Structures are given as structure tokens and as C-alpha cells.
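Asks: following is a predicted model, sequence given first.
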Amino acid sequence: MAILDVIRERRSVRTFDGTPLRPEDARQILDFAAAADNPFGLPVDWVPLDAKTTGLSSPVIVGADTFLAGKLRQTPFAEAAFGYSMERVVLFAAARGIGTTWIAGTMDRGAFEAAAGLRDGEFMPCITPLGYPAKKMSLRESVMRRGVKADSRLPFSAVFFEESFDRPLTEEAAGRLRDALEAVRFAPSAVNRQPWRVVVCGDKVHFYEKKNKAQSGGWDVQLVDLGIALCHFALTAQEGGLALSFLQEDPGIACAADTAYVASYAVCETPDLKKEKHIQQHLNFPAPLQQAAETFEV
Ligand SMILES: Cc1cc2nc3c(=O)[nH]c(=O)nc-3n(C[C@H](O)[C@H](O)[C@H](O)COP(=O)(O)O)c2cc1C
């Protein structure tokens, strides 16, 4: 399945059918997660949690017995690093029919952090349930989805720009970047706020965070959203045959006070031979082989 199709079809799953996660699925996800790196070079430590033995639960999740928590050292851009790595895991699971939901808020955070063995200097941005989607959503899930308009996204030209924030980018003008930017638009985000803003300048694609949520708890959940957006962009661009290199060099483009530069990709074409490798790279298993196939800096 093409990565863009997985991205389009993924949705948060909060109602599961009660089947325990099959051991081979758990093993594949954990192996993949252990190898799911990110362009910030910050490793994430993954901890599977059995709801039955730990008593952990989330008020929005029904019918899943397994949760996956991720924790890492609290350093600059750790949230974005986490978002990138965890979204790779989310898409890997989605491609196999395993449901997930990013959860930063609707949980007993203290209980999950204790169960995940959080150490000094570490933080645990999010967890996800892992399981098989039920045929029908619970009423609570349907109401939640309507509440955050989970099925809609901001229009292309409201979030993507050309050269400066004064010039909205159209789908037509996006050319070879269109699919990768569409993949950004489909990304999940906390409360579906979609804080990513992107300015395309020649062969550089600059990602910004529009901070529309007051921050609390010492870390920035919307920076996790930016990591997810970078992940969608990179996986889709590579599948489309573009080679990327990751950089963090603020281009100094004038932006609003609530908008902050995060990171960029420089884009160039890649020969067809390598393109084939990239299509294999992101959703297939085993992870060590994928790593060996990685030739670019994402
Ligand atoms: C960083 C992050 C944190 C989230 N936290 C929660 C949460 O605490 N509880 C919840 O039910 N959904 C949470 N979500 C899921 C979003 O509400 C969901 O992604 C968004 O509404 C879009 O819906 P979709 O994922 O089905 O496309 C979170 C998503 C992200 C990316």
C-alpha cells in the first residue's frame, strides 16, 4: 500500500473490538518502533503496557488491552523528534490494520508515567492504545470526532505559502511537492488544531509552528504535531522519488508573533533506482533491512 493511501486512510481509533493484540503484531510493532529514528537524532524509548495487569486506562478508549508509551530526554525539539518517530509507528500499525490514537491529555498522566518508568530528565509526551478497530464507533467517540471536526482539515492555501507568509500556495503551483504537502494536511494533531505552516522557497521547504494553544507542563504538544507533519512530508516525498536533506537554519522569513520556525527540508530529485528502495523502506519489515536501505538523512 502506498504511504499516501495509508496516511489518507488512517484515523484515530478509540473503539476496539476487544481482541487482545496478537503476540506477532506486538513483536513487529515493538521491533519497528525500536528502529524508528527521526531527523533530530533523538532516540525514543518505547514501553508496552498491559492494561489488565497495570490497571491503566483512558476514558476515551474502549476495548483495547495494550498501550504503547514513548519517553525520551527533554532536550530542545524533543517533542518534534517524538512526533516524527511515533508517527512512523502509527503508520506502520495502520498499514497492518492495527488501530491507534495519539493521547496526550485524556489519561491519568501520573499513572502512565509511573508505569512507563519515567526517569529524571525524561518526559513522556503521548501514549497510544494498540488493537483491532471495532466495526462500530462508540457514541462517545462519534461525539468527540464531531466536537473537534476530526474529518476536516484546513484548506491547502491556508497552511502552505510560497516565499513569504503573504503568498498562499495553490495545489497547482505546488507541483512536485503537492502530494507531500497533502500528506501534511492529512496529519493528526492535538484537538485537530493543525498548527503546521509551511513556506516553500525554491528547493527549500520551511516548517513553522503556529502556537494557538497556551503551553503547560513544561513542554509543547504542538511541537509534537510538527514532528508528525515532518514525518508525513518526508515519507511521501521520498516515495514520490524526491531526495531530502534535513536542516534547522531559520531562513529569517517575516512571520507573526505566534508563529515559530522549526525545521526545513531541502529537496532534490532522485534516480528511479533509489525511488524503488524508498517505496520499500517505510512500511515494510524487518526494520533492520529498512535501515540498511536508508540512504538519505531522514
Ligand atoms: C499530539 C496529539 C495529542 C492528542 N491527544 C489526544 C487525546 O488526549 N485524546 C484524544 O482522544 N485524542 C487525542 N488526539 C487525537 C486528535 O484529536 C486527532 O488526531 C484529531 O482530532 C484528528 O482526527 P484523526 O486522528 O482521526 O484524523 C491527539 C492527537 C495528537 C497528534
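Replies: Done, it's in.
Asks: and the single nearest residue of the chain relative to the ligand, how many neighbours?
Replies: At 3.0 Å from the ligand, Pro188 is the closest residue in the chain, using Cβ to the nearest ligand atom. Where you see a C-beta, it was placed from the backbone N, CA and C, and this is true even at glycine. Counted by other Cβ atoms under 10 Å, the residues lying close to Pro188 total 22.
Asks: does it touch Ile228 like I think?
Replies: Yes - counting by Cβ atoms under 8 Å, Pro188 touches Ile228, with 6.4 Å between them.
Asks: which neighbours do the two have in common?
Replies: Glu87 (Cβ atoms under 8 Å, 6 or more residues apart in numbering).
Asks: ok, back up a step: quick one: the residue of the chain closest to the ligand from Ala173, how far?
Replies: Counting by Cβ to Cβ, to the nearest Å, the separation of Pro188 from Ala173 is 26 Å.
Asks: can you show me the helices along the stretch 51-200 of the chain?
Replies: 51-54, 78-95, 109-115, 139-147, 156-159, 171-174, 178-185 (DSSP state H, counting those that start in this stretch).
Asks: kindly reformat those helices as JSON lines containing distance to the ligand, mean neighbour count and mean pLDDT.
Replies: Formatted as JSON lines, those follow (distance: least, Cβ to the nearest ligand atom, whole Å; neighbours: other Cβ atoms under 10 Å; pLDDT from 0 to 100):
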{"stretch": "helix 51-54", "distance to the ligand": "16", "mean neighbour count": "12", "mean pLDDT": "94"}
{"stretch": "helix 78-95", "distance to the ligand": "7", "mean neighbour count": "25", "mean pLDDT": "98"}
{"stretch": "helix 109-115", "distance to the ligand": "10", "mean neighbour count": "16", "mean pLDDT": "97"}
{"stretch": "helix 139-147", "distance to the ligand": "6", "mean neighbour count": "13", "mean pLDDT": "95"}
{"stretch": "helix 156-159", "distance to the ligand": "15", "mean neighbour count": "17", "mean pLDDT": "98"}
{"stretch": "helix 171-174", "distance to the ligand": "20", "mean neighbour count": "14", "mean pLDDT": "96"}
{"stretch": "helix 178-185", "distance to the ligand": "11", "mean neighbour count": "22", "mean pLDDT": "98"}
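Asks: could you export the ones you listed as TSV, including distance to Thr101?
Replies: Converted to TSV, the helices of the stretch 51-200 of the chain look like this (distance: least, Cβ to Cβ, whole Å):
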stretch	distance to Thr101
helix 51-54	14
helix 78-95	9
helix 109-115	14
helix 139-147	9
helix 156-159	23
helix 171-174	29
helix 178-185	19
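Asks: how close does Arg176 get to Glu113?
Replies: 43 Å.
Asks: with Leu230 instead?
Replies: For Leu230, the distance to Glu113 - Cβ to Cβ - is 26 Å.
Asks: what does Asp258 give?
Replies: Distance from Asp258 to Glu113, by Cβ to Cβ: 29 Å.
Asks: now swap in Ile3 and tell me
Replies: Noted for Ile3: a distance of 32 Å to Glu113, by Cβ to Cβ.
Asks: ok, Gln248 next?
Replies: 29 Å.
Asks: the nearest residue to Glu239 once chain neighbours are set aside: how many residues sit nearby?
Replies: Nearest non-adjacent residue to Glu239, counting by Cβ to Cβ, 6 or more residues apart in numbering: Ile3, 4.9 Å away. Around Ile3 there are 25 other residues, counting by other Cβ under 10 Å.
Asks: quick one, phi/psi of Ile3?
Replies: phi -60, psi -40 (degrees, to the nearest 10).
Asks: for the helix or strand hosting Ile228, list the C-alpha coordinates in PDB.
Replies: Per DSSP states H and E, Ile228 falls inside helix 221-239. Extracted in PDB, the C-alpha atoms of helix 221-239 (Å, rounded to 0.1, in the frame of the first residue of the first chain):
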ATOM      1  CA  VAL A 221       2.300  19.500  22.500                       C
ATOM      2  CA  GLN A 222       2.000  21.400  19.200                       C
ATOM      3  CA  LEU A 223       5.700  20.700  18.500                       C
ATOM      4  CA  VAL A 224       4.700  17.000  18.500                       C
ATOM      5  CA  ASP A 225       2.200  17.900  15.800                       C
ATOM      6  CA  LEU A 226       5.100  19.500  13.800                       C
ATOM      7  CA  GLY A 227       7.100  16.300  14.100                       C
ATOM      8  CA  ILE A 228       4.200  14.300  12.700                       C
ATOM      9  CA  ALA A 229       3.900  16.800   9.800                       C
ATOM     10  CA  LEU A 230       7.600  16.500   9.000                       C
ATOM     11  CA  CYS A 231       7.200  12.700   9.000                       C
ATOM     12  CA  HIS A 232       4.300  12.800   6.600                       C
ATOM     13  CA  PHE A 233       6.100  15.200   4.300                       C
ATOM     14  CA  ALA A 234       9.300  13.100   4.300                       C
ATOM     15  CA  LEU A 235       7.800   9.700   3.800                       C
ATOM     16  CA  THR A 236       5.500  10.900   0.900                       C
ATOM     17  CA  ALA A 237       8.200  13.000  -0.800                       C
ATOM     18  CA  GLN A 238      10.600  10.100  -0.700                       C
ATOM     19  CA  GLU A 239       8.000   7.700  -2.000                       C
END
